[in-house]
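With the sequence up front, the predicted model follows.
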Amino acid sequence: MKKMTYAEAIRDGMRVEMQRDANVYIAGEDVGKFGGCFGVTAGLFDEFPGRVLDTPISETAIVGHAVGAAAAGLRPVVEIMFIDFMGVCMDELFNQAAKMRYMFGGKAKVPMVVRTPCGGGMTASAQHSQCIEAWFTHIPGIKTIMPSTPADAKGLMAAAIRDDNPVMYIEHKQLLAMSGEVPEGEYVIPLGKADIKRAGSDVTIVAWSWMVHKALAAAEQLAKEGINAEVVDLRTLVPLDKECILQSVAKTNRLVVVNEAVRTSGFAGEIAAIVVEEGFDLLDAPIVRVTALDIPVPFNAKLEAVYLPNETKIIAAVKSLF
Amino acid sequence: MKKMTYAEAIRDGMRVEMQRDANVYIAGEDVGKFGGCFGVTAGLFDEFPGRVLDTPISETAIVGHAVGAAAAGLRPVVEIMFIDFMGVCMDELFNQAAKMRYMFGGKAKVPMVVRTPCGGGMTASAQHSQCIEAWFTHIPGIKTIMPSTPADAKGLMAAAIRDDNPVMYIEHKQLLAMSGEVPEGEYVIPLGKADIKRAGSDVTIVAWSWMVHKALAAAEQLAKEGINAEVVDLRTLVPLDKECILQSVAKTNRLVVVNEAVRTSGFAGEIAAIVVEEGFDLLDAPIVRVTALDIPVPFNAKLEAVYLPNETKIIAAVKSLF
Amino acid sequence: MSDVTKEQLLDFYKTMLTIRKFEDKAAELFAAGRLPGFVHLYSGEEAVATGVCASLTNKDYITSTHRGHGHLIAKGGQVDKMMAELFAKVTGYCKGRGGSMHIADVDLGILGANGIVGAGQPIAVGAAFANQYLKNDAVSVCFFGDAASNRGTFHEALNLASVWKLPVIFVCENNRFGISMNQKDHMNIVDVSQRAISYGIPGVTIDGNDVAAVYETAKDAISRARKGEGPSLIECKTWRHYGHFQGDAGLYKDVQEQEEWLKKDPILKLEEKLKVLNFAKDTELKEIRQQIQGQIDAAVAFAENSPEPSTEDVLADVYAP
Amino acid sequence: MSDVTKEQLLDFYKTMLTIRKFEDKAAELFAAGRLPGFVHLYSGEEAVATGVCASLTNKDYITSTHRGHGHLIAKGGQVDKMMAELFAKVTGYCKGRGGSMHIADVDLGILGANGIVGAGQPIAVGAAFANQYLKNDAVSVCFFGDAASNRGTFHEALNLASVWKLPVIFVCENNRFGISMNQKDHMNIVDVSQRAISYGIPGVTIDGNDVAAVYETAKDAISRARKGEGPSLIECKTWRHYGHFQGDAGLYKDVQEQEEWLKKDPILKLEEKLKVLNFAKDTELKEIRQQIQGQIDAAVAFAENSPEPSTEDVLADVYAP
Ligand SMILES: Cc1ncc(C[n+]2csc(CCOP(=O)(O)OP(=O)(O)O)c2C)c(N)n1
Ligand SMILES: Cc1ncc(C[n+]2csc(CCOP(=O)(O)OP(=O)(O)O)c2C)c(N)n1
Ligand SMILES: [Mg+2]
Ligand SMILES: [Mg+2]
């Protein structure tokens, strides 16, 4: 296996699929020669002539055009520069892309991927640091992916592109430079499969994206104190691998959910709701959510650190269950 | 007290506030002479010359202009014809209105109300029947209100207009024609106070908007079978009256949450998550959510009936806890 | 006009009449409480869809609006499946899951009516991009109203189409109203076609009640698009005979204006033309009318006799497998 | 030019120089790793903000962009509080909670820099509506870039402003790029001002590096707005000296073009003019430069010596009481 960064792995995932299928193309702001604001598409413009398209600053048209192109037989992979800009094009996603197939009586396919980076920790302030995945998970008809490692990033990108449905592929800015082993060539991770990133027996920590790493770090600390945590990386939020979560809780009887989004109505709540509904008898303690504070993301680094979930908060949450 | 419909009560709430404060005005599509798509603003155009403004079909500009007008000293009450259209103007709401005060270091006020009707049961199909309140509750900086009765509609409208923050005031299409007693003149219900619409001891049913009535009907049925349900009408989702919910559960030890929205990541999950986190020891049974199915709203009336929560489903959920 | 043959004009007549009679029937059924949901009728605007779609094949795409019946019929939609959809029956175009505002058939190139004003604009651009990318010689047509041209989607879609030089034709059906809002209150210009200037594309305003004029203008724009010469904007001035949706009495319309426009009814205009040019006699037209009425009645019977969708597969088709 | 007095020109010079030196300092601090977040510099475009804001008072509103420092200084922002905000200090305009992209001061009529391209456009329209509603004689100015004029917000905002005849001036700073995208690749027209036609409002293109020209044009538009004659669009052709943000080398720029534009530096141009008109000698200009440099240095010292915000009130100010 080859070492790659998460950004390279995403790119490799797109590259392999573009080689496989001539109908896959990329569009977005500055994704062409410039290689994307975070460099994720670097080089693809030259590698795939006519298949990596720069757009004007028109998120509505970017996502909206993808719906039409997908319905007409292509497989667009569009980039929205920051997930924070999705507010501009939610209609195209939730009323068009997500509902077309159902509304049309099952006679349309909308295979499109919206790639977009989320997350904080960069002092990028309130409009460039958010995690709003919960919105997408509240829209039947789209799938939502949030990989935490380079290998997952590649394998899930392949699956996202091959999927015949609209997929929100949410990257994390903090992970782009993270390096790891990644299988070469075709590599597909099926959507809807969680991954146990660390096995354990005393408590289940469910996390996704950047927070998986915070959870793993917390687990190492906890291990030193005799608490053996299992870390479940959801990878795909919709479809959700409920079985994996419930099985883990069946083993540990304790659950902490870590989510970088603001607390109220974040996806952590959904996990908690599912487990208390379907796994009530498994629980020996409250389910605790470790989330960001319910405030806009502050600019100052110290304030942002207080806003964000972190190892310390996870450890405290876990300990509160014993 | 006077009898009014819910629509009249909303209008009366706006009227009284417009009389009180010359800086309150109304804007939206067809809200003027036409009186609004559902007739809610009927008559106000003539009653308040120059203060009820028709706009082009430009939701982005409608909500966006309200942000600027509010920051510059007015109190806009804008109408978005169906809540389903909010995807078009989410940025204005979530990155501008909601964050302005915080980002500006506390030195701005954005007192604006977005009135919009939600909900199904009208065979209005996938793009005119939705309940997406969960999105708004996931945005720190705005408040979200969903009244269930004419009196609440009036009192909460007054509070929304007087509030110095952006407020999503979500009406329900099924309730507009519902009639009830409404206090005359100035009448304000403080935001953040739930209302026990029916006292009971055996199970707590939390609901809001149209679903309060489904919950009440279910409670009547259940009473006949010896189960005495308490129905908590949240009225305001953010800020949330957590104490009221927890106190009720402390009494009943059982909780059913009813929400017309699609299941995954709906606000019902948030309620369940809070209660399992802060009231775990109070619970004698799983928390059950009664929600819509995770699908786009189907057109056919029978399919829509299957999609929606209803009395029968609530009753079954309650019984499953005993 | 010289280019339009007798056969074409008679075809246009049939199509326009099919639309009109479909809408008249829908109005009647809705008034009788027999149709669920919202219904927005196209009566009075038939010449636009008919004249434009005459130059399209099944490989070409259209995006439609809330007022979509006319576009769908002109693009080849079958009235029985459409009527069944209005009745929410499983034999309808959307298996009863969509209704009037979502009728679609991707195989016919119909990317859907749409409940969101202005939403079809970027979708049409995307379909046109697919046409360009696949080099399949097909084009896309985007129908939308005067008031829809005030949405941000209009701006972004036309700009992107121009920058990418896509084979797409934007057809603005200017019936002068967005629900109750008169054009003069929702924009500060007279001709929507002027907005083409913002994108450096051709824009033209024509009589939308003259089917031959619509046909000629659209044909040119479509052939330019097929040749890779990029998008254009065509504004068709027209009028809706009914209110915005069924149930709206349209009291905001000026009575005299309404009367004048009723005199300019595109179907009356075409009948006169057919007679003046000696292309058809009254008896022949009457025969056509009867025949089409028969089709519409049959469509209603089909719809009425069709089963409702089964509630068992309510969950199917949210996701493609 | 005739209207512009010596005093005004010297004032312009001071403002422009303050912006330039502020930006130079920010570039230096950012390169040294001493500023958090993103920084987008206004260097090269100083004549626009300066010329426009010269006719505004504190009662007038502006909305700014991600490239906001220049607008804020021209509208009366204090460099020390601005610098403190870049340093994320509690003495900054936003108490360290906003940063470069969100600097605001409602009392000065500054409705914020903005991290969302095109978001200021409807906000400025709303402020202008407040001005009209309150009959307070004030206007609003909306600054935005060439690439921002492709957003749907542009279209909806200008249309609404025109329909409501609001006192708002839309100032497009056409520096020819949206990040790496050359104007010719993001729109199919040469002059953004042509887009005014879509809204039936005046639109004009001027040399954005000539502060006197900007001043005169904006003054007229502002006074028309104050008189109730409605909105206008002014396009100022200009150039950004640096990359899009600090860290971007701007390799997509044509080297020769960059050099030509550097020769057209608005500050050089103004210095020449001041000398030609005999309004100022080199020594005087030098003195001004030193004085302003002193202010900027003091601002940095102020920022550096200011405390960080306390983490204790991180929750405050989400909601107004
Ligand atoms: C984004 C959005 N805003 C508002 C509406 C409500 N609405 C439906 S049709 C319509 C008027 C459309 O006018 P126009 O585009 O001129 O088309 P017409 O009805 O005249 O054919 C409005 C406001 C909607 N469906 N979607
Ligand atoms: C809605 C949105 N899309 C994209 C971006 C990312 N972005 C920030 S600045 C910029 C370019 C803006 O170009 P222009 O409007 O010409 O202003 P300039 O930077 O040239 O001053 C882009 C694409 C954003 N902040 N918001
Ligand atoms: Mg119209
Ligand atoms: Mg620019």
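Perfect, I can see it now. Numbers count the residues shown, from 1 in each chain, chains lettered A, B, ... in the order given. Ligands and ions are numbered 1, 2, ... in the order given.

From the structure, what's the count of residues near the closest residue to C:Gly230 other than its chain neighbours?
Sequence neighbours aside, C:Lys165 is the residue nearest to C:Gly230 in space, at 4.2 Å (criterion: Cβ to Cβ, 6 or more residues apart in numbering or on different chains). (C-beta placed from N, C-alpha, C; glycine too.) Using other Cβ atoms under 10 Å in any protein chain shown, the number of residues around C:Lys165 comes to 16.

helix, strand or coil for C:Lys165?
Counting by DSSP: H, G, I helix; E, B strand; the rest coil, the backbone at C:Lys165 sits in coil.

Tell me which residues touch C:Gly96, please.
Contacts for C:Gly96 (Cβ atoms under 8 Å, 6 or more residues apart in numbering or on different chains) come out as A:105, B:298-300, B:303, C:84-85, C:87-90, C:308-309.

if you set the cut-off to 6 Å instead, what comes out?
B:Asn300, C:Ala88, C:Lys89, C:Val90, C:Pro309 (Cβ atoms under 6 Å, 6 or more residues apart in numbering or on different chains).

before we move on, which element is it in?
Using DSSP states H and E, C:Gly96 falls within no helix or strand.

Same check on A:Val188?
Assigned by DSSP H and E, A:Val188 belongs to neither a helix nor a strand.

now the residue nearest to it when sequence neighbours are not counted: how far from A:Val167?
Spatially, and ignoring its direct neighbours in sequence, A:Val188 is nearest to A:Ala158 (4.4 Å; Cβ to Cβ, 6+ apart). Distance, A:Ala158 to A:Val167, by Cβ to Cβ, to the nearest Å: 11 Å.

What residues does the residue in chain A that ligand 3 sits nearest to make contact with?
Ligand 3 sits closest to A:Asp91 of chain A, with a gap of 19.7 Å, by Cβ to the ion. Shown in contact with A:Asp91 (Cβ under 6 Å, 6+ apart): B:Gly87, B:Val88, C:Ile116.

Apply 10 Å and report the result again.
By Cβ atoms under 10 Å, 6 or more residues apart in numbering or on different chains, the contact list for A:Asp91 reads A:60, A:63-64, A:97, B:59, B:84-90, B:127, C:116, C:118-119, C:122, C:151, C:153.

How are the helices of chain C distributed by residue range?
Taking DSSP state H to define them, one finds helices in chain C at C:6-31, C:46-53, C:69-74, C:79-86, C:120-134, C:152-163, C:183-186, C:211-226, C:255-263, C:266-276, C:282-305.

Can you say which of those helices is nearest to A:Thr123?
Of all the helices of chain C, helix C:152-163 sits nearest to A:Thr123, with 30.8 Å by Cβ to Cβ.

where in the stretch 1-150 of chain C is pLDDT low?
C:1-2 (pLDDT under 70).

Tell me the residues on it that lie near chain B, please.
Within the stretch 1-150 of chain C, the positions near chain B by Cβ under 10 Å from any Cβ of the partner chain are C:35-38, C:66, C:85-90, C:92, C:94-102, C:114-119, C:145-150.

Now the buried members of these.
Neighbour counting with 16 or more other Cβ atoms under 10 Å in any protein chain shown marks C:35-38, C:66, C:85-90, C:92, C:94-102, C:114-119, C:145-150 as buried within the residues of the stretch 1-150 of chain C next to chain B.

is any part of the helix or strand harbouring A:Ala273 close to chain C?
Using DSSP H and E, A:Ala273 sits within helix A:267-278. No: Helix A:267-278 stays clear of chain C (Cβ under 10 Å from any Cβ), getting no nearer than 17.6 Å.

List the buried residues for that helix?
For helix A:267-278, by 16+ other Cβ under 10 Å, it's A:Phe267, A:Ala268, A:Gly269, A:Glu270, A:Ile271, A:Ala272, A:Ala273, A:Ile274, A:Val275, A:Val276, A:Glu277.

For that helix, give the mean pLDDT please.
Average pLDDT, helix A:267-278: 98.

Now do it against helix B:267-278, angle only.
80 degrees (axes from the mean of the first three to the mean of the last three Cα atoms, to 10 degrees).

send the alpha carbons of whatever helix or strand comes next after helix A:267-278 over as PDB?
Scanning forward in sequence from helix A:267-278 by DSSP H and E, the next helix or strand is strand A:288-292. Below are the C-alpha coordinates for strand A:288-292, written out as PDB (Å, rounded to 0.1, in the frame of the first residue of the first chain):
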ATOM      1  CA  VAL A 288     -23.900  11.600  26.800                       C
ATOM      2  CA  ARG A 289     -23.300  13.800  23.900                       C
ATOM      3  CA  VAL A 290     -20.000  15.600  23.500                       C
ATOM      4  CA  THR A 291     -20.600  18.400  21.000                       C
ATOM      5  CA  ALA A 292     -19.700  21.900  20.100                       C
END
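
How many neighbouring residues does C:Ile296 have?
If you count neighbours by other Cβ under 10 Å, C:Ile296 ends up with 21.

Tell me the spatial nearest neighbour of the residue of the stretch 201-321 of chain C found nearest ligand 3, not counting adjacent residues.
Distances between the stretch 201-321 of chain C and ligand 3 by Cβ to the ion are smallest at C:Arg240, namely 7.3 Å. In this structure, C:Arg240 finds its nearest non-sequential neighbour in C:Asn175, 4.6 Å apart by Cβ to Cβ, 6+ apart.

got the end-to-end distance for stretch C:65-79?
In terms of Cα to Cα, to the nearest Å, the two terminal residues of stretch C:65-79 are separated by 17 Å.

And for stretch C:50-62?
Separation of the first and last residues of stretch C:50-62 by Cα to Cα is 13 Å.

again with stretch A:273-289
Chord length of stretch A:273-289, first to last residue, is 11 Å (Cα to Cα).

How about that stretch and chain B, touching?
Yes: counting by Cβ under 10 Å from any Cβ, chain B has neighbours in stretch A:273-289: A:273-281, A:283-289.

show me what contacts A:Leu44?
With Cβ under 10 Å, 6+ apart, A:Leu44 has these contacts: A:Arg11, A:Met14, A:Arg15, A:Met18, A:Ile26, A:Val31, A:Gly32, A:Gly35, A:Gly36, A:Arg51, A:Val52.

Roughly how far does the residue nearest to the spatial centre of chain A sit from D:Phe177?
Nearest to the mean C-alpha position of chain A, by Cα atoms, centre = their mean, lies A:Met146 at 1.5 Å. Separation of A:Met146 from D:Phe177 (Cβ to Cβ): 32 Å.

circling back to that earlier point, I'd like the contacts of C:Gly96 as TSV, with distance to ligand 4 appended.
As requested, these are exported to TSV (distance: Cβ to the ion, whole Å):
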residue	distance to ligand 4
B:Asn300	50
C:Ala88	50
C:Lys89	54
C:Val90	53
C:Pro309	52
